[in-house]
Structure formats: structure tokens, C-alpha cells
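Enquirer: Sharing a sequence plus its predicted fold:
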Amino acid sequence: MPNYYDILGVTHAATQAEIKQSFRNLALRYHPDKNKNSEESKQKFVQIVEAYEVLSDEHARKNYDNNPYALGARHKWTPPADFEQVYSYAEIKRRYRQSTISGGMWDISDRASFGLWKATILLFGCLGAVVLFIMLLR
């Protein structure tokens, strides 16, 4: 039975924020939508989700800390009925967004995206004006 703390790469003293951040990073790395042909990645993703669901719930985490082997002995973890929806790649990016860390392709806000579009249109407009100017000089 794998240790949930080892699966998420956190210590036993990890805070909920550290667990959440580790889950997000690992889930995005091993998500089946990103690694379509890897069965190993799919199994790793399910282990990550299982570890997160136990360690993110304070009551379940206390029970697990008291006896980590009892959880596996009593019952086998089963994913929730809406597993595909709750743990979809887009949902993980949206729900577990890191507010203190910016950057990356999905962290661009709508306002920043609009600003990039305006800059791109302005650049192409200037380029078109230069081309017309060159054509008129000939």
C-alpha cells in the first residue's frame, strides 16, 4: 500500500495549501488527457487523486495518520461517480489555480489577453502601412 504523503511528495507536517499545490502540479503532469497513450500515467493519476481526497479532508487525514494501513484494509477506494468531470484537465486548472504564482499559458487574464490582441493588431497595422509606403515609392 503506497503512502499518500509519498505519492503527493509532501511531508506529514504539510499544510492544506501545500497538499493542494502538490496535487495540482502532479495532477496536471500525469493527467490522462495530457498523456493519452500512457496507461502508467493513468494509474499514477488515480493514485494522486486518491491521496489528495484522503489528505485534503481533515477527518480522513487524521484517521489515515493514526493507522495508514487500516484505510486500505477496510475498503478499497473508489473514484467518485463524476470522476471524469471533477478531475478533468480543465477543471483542475480552473479549481486549483495558484493565485500567488502567475505565468504560464492558462494564467493570462481576459484583460491581458485583450491587450495582447490590441498590440498585435497595431503591429500588423503598422506593418501594412510600411508596406504601402514602400509600394508607393516605387
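Expert: It's in. These figures come from a predicted structure and were not determined experimentally.

Enquirer: contacts and neighbour counts: CA atoms only from here.
Expert: Will do.

Enquirer: Provide a list of residues in contact with S38.
Expert: Listed by C-alpha atoms under 8 Å, 6 or more residues apart in numbering, the contact set of S38 reads P32.

Enquirer: On the pLDDT front, check it for me.
Expert: Turning to S38, the model gives it a pLDDT of 76.

Enquirer: And F133, by the same measure?
Expert: On the pLDDT scale, F133 gets 94.

Enquirer: just use 793 as the starting number from now, easier for me
Expert: Sure, I'll start numbering at 793, so the last one becomes F925.

Enquirer: Please tell me how far it sits from C918.
Expert: The spacing between F925 and C918, counted by C-alpha to C-alpha, to the nearest Å, is 10 Å.

Enquirer: go on, E850?
Expert: In terms of C-alpha to C-alpha, E850 sits 58 Å off from C918.

Enquirer: now do Q813
Expert: Distance from Q813 to C918, by C-alpha to C-alpha: 43 Å.

Enquirer: what about the helices in this protein?
Expert: Per DSSP state H, the chain carries helices over the ranges 796-800, 808-822, 831-847, 850-858, 860-866, 875-878, 881-887, 902-929.
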